[in-house]
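A.B. asks: quick one: sequence plus predicted model below, questions after.
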Amino acid sequence: MKGTVCTVPKSCILSHQTASFSTIHPLPLNADEEFQSSDYILHLAACLLHELRLGEASRWYGYLQILPRSIVMIPTFWEVEELAGLDGAKALEWLRGTEGDKELRRKVGDGLGMAAIQEYYSAIQSFFPSTPSHPCPSPFSAYVYALSMVSTRAFVLDAYHTIGIIPFVDLFNHSSTSHTSLLCDQNVCPTCGSILACEHDLDLDAKLGSSDEPETPQRLAHLSVNYIQRPEAEGNNVDMCAERPIRAGEEIFSCYEEDVGDGKLLVEWGYVSGEQAGEGLTWSPRDVIRPNQVGLFMALLQSEKMAAAVEADRREEDLLPPIPTDPTRSVGKGVKPATSGTSPNSVTAPKLIAPASTKQFGLLNVTHNGLVSINLLIAMYLRTLPDSIDGDLDRIESDLVIVFNELEAAARHREMTLTSRNDNGLTKYKDDRQYTMKSGTSRLGHAVVRLVEERLEATFKPELSAEDLRMIHYALPTDAILQRTALVLAEDERRLLEVVKARWIPLLGGSV
Ligand SMILES: [Zn+2]
């Protein structure tokens, strides 16, 4: 089947525009004022709580009956003992130093940390009117419940609703290889939600300056005439559309966010997929790039020579052997093999370098295949240069091309010695000499290993291996749900760090 999976009229959306709480305590709408997304999220949770308190008198009573009964324990709530108990506290420890930890800190920065949530609820608690089913104020945990529903089920919609919960559409589970996409016309009037030209457009256009087509408001100017003039009923919907065929009986997945990794999935939606989607391990430019080298780094990011050096290398990708990962680990949870094709006599080394992320410019990362991105290598290389370097772009570019070539040559050399050892038996090397690198290459190699070691040291119990973490995970009681979830993420990331170390340390003459 292909086509529209479901269509929901926008009038069914639960948002700050439609919820009855907004008439009691509105989110002040001022076009000149910039709202943080946290304002909308915290307010929508209050709207939902009010609808829950209204019981059968709520417009959404029927829909609200299908919501989960308990709080979805996203990591933001793990620190609250009354909500998450000891399991939450211990799970937070396992999260330390992971991508999940980074996402959690981002949420605090975005105004959605526990302290901000508590402060918000104390400020608005008195606005909730008594209802027949809820004559008393709701406890904080009731607001946390509503917030967990909003966090895990609301979508970013249009200029009018901003964010909202769409009945039915919120039922789909996420997959990085989803079947569907959500279509929602965003070019609506921010004041009344109309998809057609409306009375508010005159004011809006007066503010923005005159339009080339005076009869068409600016917000619709880039759209075709047919699109603008379609009947209101045809456009004022949210559509869930199939993007690929769906077999009978198959679960239909939606995509909460394109290529989202487990760290963000956990923090935003409260679970990990083990799908190895997303950008792998990431580093903040602040932590890696020296302030006086930012300009040089930016210039190198845009250098065609850099991109070409990695591209040439990628042509051999089909010959990649899989990375050395734990063979006993179950499918779907391990680090993805770089490719499926491998030949035992292949002398093509495991690659070390990944091209730059196409989704995020300048991203510093190690991919799920254990490849260090060219951006991260450039940043690390700059870090190995003396502070007094004159910043000659051409020279650094040429040096980096040599460094990249040397790294690949060293990896190939090592692969050859390993291959001949396998051919000749266990003890003899055909060539056990270390590949000799120039000092710049070797310094970069050591810097990469140090970066990975620092990342490991920032985690909880860094002395343990990924395998140890797996054993701890298996030994946990089944009700230690939060710890088990955090450990999946911690184990996956640790295994990735181990893979990088296992590839780079031998190139530098060390053993893992
Ligand atoms: Zn309007």
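C.D. replies: Nice, thanks for sending it over.
A.B. asks: tell me the buried residues in stretch 167-182?
C.D. replies: Applying a neighbour-count criterion of 16 or more other CB atoms under 10 Å, one finds 167, 169-170, 172, 174-176, 178-180, 182 buried in stretch 167-182. Every C-beta, even on glycine, is put in place using the N, C-alpha and C of the backbone.
A.B. asks: downstream of the lengthiest helix in the chain, the next helix or strand is which one?
C.D. replies: In the chain, with assignment by DSSP state H, the single longest helix is helix 393-424. Once the chain leaves helix 393-424, the next helix or strand it forms, by DSSP states H and E, is helix 439-457.
A.B. asks: chain center to that following helix: distance?
C.D. replies: Centroid displacement of helix 439-457 relative to its chain, using CA atoms, centre = their mean, to the nearest Å, is 25 Å.
A.B. asks: now do stretch 475-485
C.D. replies: 23 Å.
A.B. asks: what's in contact with that stretch?
C.D. replies: The contact list for stretch 475-485, computed with CB atoms under 8 Å, 6 or more residues apart in numbering, reads 73, 78, 84, 87-88, 90-91, 94, 266, 271-272, 473, 487.
A.B. asks: where does this protein dip in pLDDT?
C.D. replies: 1-2, 28-35, 204-215, 228-235, 311-350, 388-391, 418-435, 511-512 (pLDDT under 70).
A.B. asks: can you list the residues of it near the ion?
C.D. replies: 189, 191-192, 194, 198, 200 (CB under 5 Å from the ion).
A.B. asks: now the buried members of those residues.
C.D. replies: The buried subset of the residues of the chain next to the ion - by 16+ other CB under 10 Å - is 189, 191, 194, 198.
A.B. asks: can you tell me which of those residues is nearest residue 363?
C.D. replies: Residue 363 lies nearest to residue 189 out of these, by CB to CB, at 36.4 Å.
A.B. asks: now do the same contact list for that closest one.
C.D. replies: So residue 189 contacts 159-160, 198, 200-201, 204, 219 (CB under 8 Å, 6+ apart).
A.B. asks: ok, 6 Å please
C.D. replies: Neighbouring residues of residue 189 by CB atoms under 6 Å, 6 or more residues apart in numbering: 198, 200.
A.B. asks: how close does it get to residue 18?
C.D. replies: Residue 189 sits 15 Å away from residue 18, going by CB to CB, to the nearest Å.
A.B. asks: repeat that for residue 401.
C.D. replies: 58 Å.
A.B. asks: next one: residue 470
C.D. replies: 47 Å.
A.B. asks: repeat that for residue 480.
C.D. replies: 40 Å.
A.B. asks: cool, residue 398 as well?
C.D. replies: In terms of CB to CB, residue 398 sits 61 Å off from residue 18.
A.B. asks: looking at those two, which is more packed in?
C.D. replies: The neighbour count for residue 398 versus residue 18, taken as other CB atoms under 10 Å, is higher for residue 18 (18 against 12).
A.B. asks: in three-state terms, label that one for me.
C.D. replies: coil (DSSP: H, G, I helix; E, B strand; the rest coil).
A.B. asks: for it, grab phi and psi.
C.D. replies: Backbone dihedrals for residue 18, given as degrees, to the nearest 10, come out at phi -100, psi -20.
A.B. asks: mind listing what it touches?
C.D. replies: Contacts of residue 18 (CB under 6 Å, 6+ apart): none.
A.B. asks: and what of residue 259?
C.D. replies: 277-278.
A.B. asks: try it again at 8 Å.
C.D. replies: Contacts of residue 259 (CB under 8 Å, 6+ apart): 176, 277-279, 359.
A.B. asks: that one: what secondary structure?
C.D. replies: Residue 259 ends up coil, using three-state DSSP.
A.B. asks: same question, the one 5 residues further on
C.D. replies: Counting by three-state DSSP, the backbone at residue 264 sits in helix.
A.B. asks: tell me where the stretch 151-300 of the chain has strands.
C.D. replies: 155-156, 163-165, 173-174, 180-184, 237-242, 253-254, 281-283 (DSSP state E, counting those that start in this stretch).
A.B. asks: single out the most deeply packed of the ones you listed.
C.D. replies: strand 163-165 (a mean of 25; mean count of other CB atoms under 10 Å).
A.B. asks: now for it, which elements pack on it?
C.D. replies: The helices and strands touching strand 163-165, judged by 3 or more CB pairs under 8 Å, 6 or more residues apart in numbering; DSSP states H and E, are strand 14-15, helix 37-54, helix 140-153, strand 155-156.
A.B. asks: adding distance to residue 60, write those out as CSV.
C.D. replies: Converted to CSV, the helices and strands packed on strand 163-165 look like this (distance: least, CB to CB, whole Å):
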stretch, distance to residue 60
strand 14-15, 6
helix 37-54, 5
helix 140-153, 11
strand 155-156, 16
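A.B. asks: now, which of the contacts of residue 259 lie within helices?
C.D. replies: Using DSSP H, none of the contacts of residue 259 sit in helices.
A.B. asks: and which of the residues you listed is nearest the ion?
C.D. replies: residue 359 (34.7 Å; CB to the ion).
A.B. asks: distance of the closest residue to the closest one other than its chain neighbours from the ion?
C.D. replies: Once flanking residues are discounted, residue 359 sits nearest to residue 259: 6.5 Å by CB to CB, 6 or more residues apart in numbering. Remark: distance between residue 259 and the ion (CB to the ion, to the nearest Å) = 35 Å.
A.B. asks: and residue 402, by the same measure?
C.D. replies: For residue 402, the distance to the ion - CB to the ion - is 61 Å.
A.B. asks: that residue contacts residue 444, correct?
C.D. replies: No. If you go by CB atoms under 8 Å, residue 402 and residue 444 don't touch, sitting 10.9 Å apart.
A.B. asks: looking only at neighbour counts, state which of the two leads.
C.D. replies: residue 444 (28 against 15).
A.B. asks: what's the nearest residue to the more buried one if we skip its chain neighbours?
C.D. replies: residue 381 (5.0 Å).
A.B. asks: what sits against residue 59?
C.D. replies: Residue 59 neighbours (CB under 8 Å, 6+ apart): 18, 20, 51.
A.B. asks: an error on my part: the question was meant for residue 440.
C.D. replies: Contacts of residue 440 (CB under 8 Å, 6+ apart): 381, 384, 399, 402-403.
A.B. asks: make a ChimeraX selection of whichever of these turn out to be buried.
C.D. replies: Selecting only the buried entries of those in ChimeraX, with 16+ other CB under 10 Å as the criterion:
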select :381,384,399,403
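A.B. asks: alright, calling it a day.
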